[in-house]
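Engineer: Quick one: sequence plus predicted model below, questions after.
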Amino acid sequence: MAFTLNWGPTGVWWGLALGLACAAVSLTWAFEAKMKRMIRREPEVQTEVQAMQPH
């Protein structure tokens, strides 16, 4: 933004802020998706762990 739009130092800071915001949104989305997959698989994992324990 600083160089392509000729905004100067202000563009550097806006670019940094927008880049960090995009990273935060995408990492939050990835975390939520992974947690949903892990929650759906939880009963299978519990039964495998229970099968490994001696009776």
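Structural biologist: Received, thanks. Numbering: from 1, shown residues only.

Engineer: any idea how far residue 22 is from residue 39?
Structural biologist: Using C-beta to C-beta, to the nearest Å, one gets 26 Å for the distance from residue 22 to residue 39. To be clear about C-beta, it is placed using only N, CA and C from the backbone, and glycine gets the same treatment.

Engineer: Kindly apply the preceding question to residue 28 instead.
Structural biologist: From residue 28 to residue 39 the distance is 16 Å (C-beta to C-beta).

Engineer: Ok, residue 29 next?
Structural biologist: 16 Å.

Engineer: so where's this protein uncertain?
Structural biologist: 42-55 (pLDDT under 70).

Engineer: Would you map the helices across it?
Structural biologist: For the chain, applying DSSP state H gives helices covering 9-52.

Engineer: which phi and psi does the closest residue to residue 8 other than its chain neighbours have?
Structural biologist: Excluding the flanking residues, the one nearest residue 8 by C-beta to C-beta, 6 or more residues apart in numbering is residue 2, at 6.0 Å. Residue 2 adopts backbone torsions of phi -70, psi -40, taken as degrees, to the nearest 10.

Engineer: residues touching the residue nearest the centre of the chain, list them.
Structural biologist: Closest to where the C-alpha atoms of the chain average out (C-alpha atoms, centre = their mean) is residue 27, at 2.0 Å. Neighbour list for residue 27: empty [criterion: C-beta atoms under 8 Å, 6 or more residues apart in numbering].

Engineer: can you start the count at 878 instead of 1 from here on
Structural biologist: All right, first residue 878 from here; so that's residue 904.

Engineer: hang on, the earlier thing: how many neighbours does the residue nearest to residue 885 have?
Structural biologist: Here the count is done by other C-beta atoms under 10 Å, and residue 879 has 15 residues near it.

Engineer: Would you mind confirming that it makes contact with residue 895?
Structural biologist: No: applying C-beta atoms under 8 Å, one finds residue 879 not in contact with residue 895, separated by 11.8 Å.
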